[in-house]
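**Q** the sequence and its predicted three-dimensional model are supplied below.
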Amino acid sequence: MPDVALKALEKTFGAQTVLKGVDLAIKDGEFVVIVGPSGCGKSTLLRIIAGLEDPTSGDVTIDGQSALNVSPAKRGVAMVFQSYALYPHLSVFENMAFALRIANHKPADVKAAVERAARVLGIEPLLDRKPKALSGGQRQRVAIGRAIVRQPRLFLLDEPLSNLDAGLRVHMRHEFARLHRELKTTTIYVTHDQVEAMTLADKIVVLNDGRIEQVGSSRDVYHAPKSLFVASFLGTPRMNLIPGEIASVSKDHVVIRLIRGEDVRVPFYSGNGVPPARPGDPVTIGVRPDALKRAQAPDGRSNSLTVRVDIVETLGGSLTVYGLIDKQDAPVIALLPASDALTTEEPLRLSFCPEDVYLFDAEGRAFARNRP
């Protein structure tokens, strides 16, 4: 399986620049997920790797060799599209065998390759059916099988689950993870669904407006986001973001004053390319919904907020609480145990530990998190 490198990739369509200096190294056998909002350049990046688009500038190398002058058919790449792209008049077997027949493989070899892929994907009973007789999940398996039979060096998957219902997406995520574990093929997977990214990836690439915001493991990008965008994009429900300004700085902590005058204490933050924290600087604090707890008796250490409850969603063993910070109208989401009886008629006091607070400067850059 190959190493893949993207070097200073730029892509423009007319006056619009879609990719802006993308650099990325992908190791042999890695499962890399490129995630970002719609229109950020994910699919364009994948199409350039596949050879379906040419970059305006920059290079794509596979195993150390530039692929820009290599035709898509000779790159050893198999691409699975969102729309399945199956031939409706051909059976499942013929759809999976098509590329091998075009390449003049022996009939016996074609049959063996298709049957092997069908066995891996659990679609052996479907080989005689036409695509119209298949469910969405079955069609997606056939599209994957068509890629597997070619024994590609590199799998490219462009939002392959977006047409499936929620339950089937979960099942197919598990199938992709199992398939990668068995085949160990270098895989680049594009999605706007951050749950898919967090559960599938060896390495996540967060793309925003044509630029890479952060690259790292699921744990890295979730627990140590380098920017306000990454922090707000990854996590369900999304991180609570509350504006304020630095009130004071000491050697071991920073005090942030929120708009309504309430103070939040956080461990000392420094580094990460961000200028030193100074009193009066505007900042944004971030707190994950699951870090918020219903306040008990004051302990002199935890931060707290008073929230006007708007909506309470009961989800089995938990409550998702939507509200507004009192006198500030900043939205807040909290995940609380279902045992917490709540109404929308009384204020809710929420507490959170200083170590659970993220801090971002006025440019959206994260301060390094120095835990005591």
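**A** That came in fine, so what should we check first?

**Q** Ser43 in helix, strand or coil?
**A** Counting by DSSP: H, G, I helix; E, B strand; the rest coil, the backbone at Ser43 sits in helix.

**Q** which residue is the nearest non-sequential neighbour of it?
**A** Asp158 (5.5 Å; Cβ to Cβ, 6 or more residues apart in numbering). The way it works is simple: take the backbone N, C-alpha and C, and place the C-beta from them, glycine included.

**Q** who are the neighbours in contact with that neighbour?
**A** Asp158 is in contact with 43, 46, 79-82, 190, counting by Cβ atoms under 8 Å, 6 or more residues apart in numbering.

**Q** what of Asp165?
**A** Taking Cβ under 8 Å, 6+ apart as the test, what Asp165 contacts is Gly136.

**Q** how does it look with 10 Å?
**A** 135-137 (Cβ atoms under 10 Å, 6 or more residues apart in numbering).

**Q** what does Val215 give?
**A** Contact analysis of Val215 by Cβ under 10 Å, 6+ apart lists 23-26, 32, 34, 203-207, 221, 226.

**Q** circling back: what pLDDT does the residue nearest to Ser43 get?
**A** pLDDT, Asp158: 91.

**Q** drop anything exposed from the contacts of Asp165.
**A** With neighbours counted using 16 or more other Cβ atoms under 10 Å, the contacts of Asp165 contain these buried positions: Gly137.

**Q** any weak-confidence spans in the stretch 151-300 of the chain?
**A** 260-261, 268-275, 297-300 (pLDDT under 70).

**Q** where along it do the strands fall?
**A** 154-158, 186-191, 203-208, 211-216, 240-249, 253-258, 263-267, 269-270, 282-287, 293-294 (DSSP state E, counting those that start in this stretch).

**Q** how far does the second one sit from its chain's centre?
**A** Offset of strand 186-191 from its chain centre (Cα atoms, centre = their mean, to the nearest Å): 11 Å.

**Q** domains for the chain, by residue range?
**A** 4-229, 240-369 (automatic domain parsing).

**Q** deepest-packed of the ones you listed, please.
**A** With neighbours defined by mean count of other Cβ atoms under 10 Å, none of the domains of the chain is more surrounded on average than domain 4-229, at a mean of 18.

**Q** could you work out the end-to-end span of that one for me?
**A** 26 Å (Cα to Cα, to the nearest Å).

**Q** could we number from 3 for the rest of this?
**A** All right, first residue 3 from here; so that's domain 6-231.

**Q** most widely separated two among the contacts of Asp160?
**A** Ser45 and Val82 (12.5 Å; Cβ to Cβ).

**Q** identify the contacts common to the two.
**A** In contact with both Ser45 and Val82: 160-161, using Cβ under 10 Å, 6+ apart.

**Q** how about Glu198, nearest residue that isn't a chain neighbour?
**A** With Cβ to Cβ, 6+ apart as the criterion, Glu198 has its nearest non-adjacent residue at 6.1 Å, and that residue is Arg175.

**Q** related to what we said a few turns ago, lowest pLDDT pick from the contacts of Asp160?
**A** Among the contacts of Asp160, Gln84 has the weakest pLDDT, 77.

**Q** just checking, it touches Asp195?
**A** No: counting by Cβ atoms under 10 Å, Gln84 stays clear of Asp195, with 11.9 Å between them.

**Q** SS state for Gly147?
**A** helix.

**Q** quick one: the residue nearest to it when sequence neighbours are not counted from Val151, how far?
**A** Once flanking residues are discounted, Gly147 sits nearest to Ala119: 4.3 Å by Cβ to Cβ, 6+ apart. Separation of Ala119 from Val151 (Cβ to Cβ, to the nearest Å) stands at 5 Å.

**Q** what sits in contact with each of the two?
**A** In contact with both Ala119 and Val151: 98-99, using Cβ under 10 Å, 6+ apart.

**Q** ok so, going back, now, which of the contacts of Asp167 lie within helices?
**A** Using DSSP state H, 138-139 are the members of these that sit in helices.

**Q** much appreciated, bye for now.
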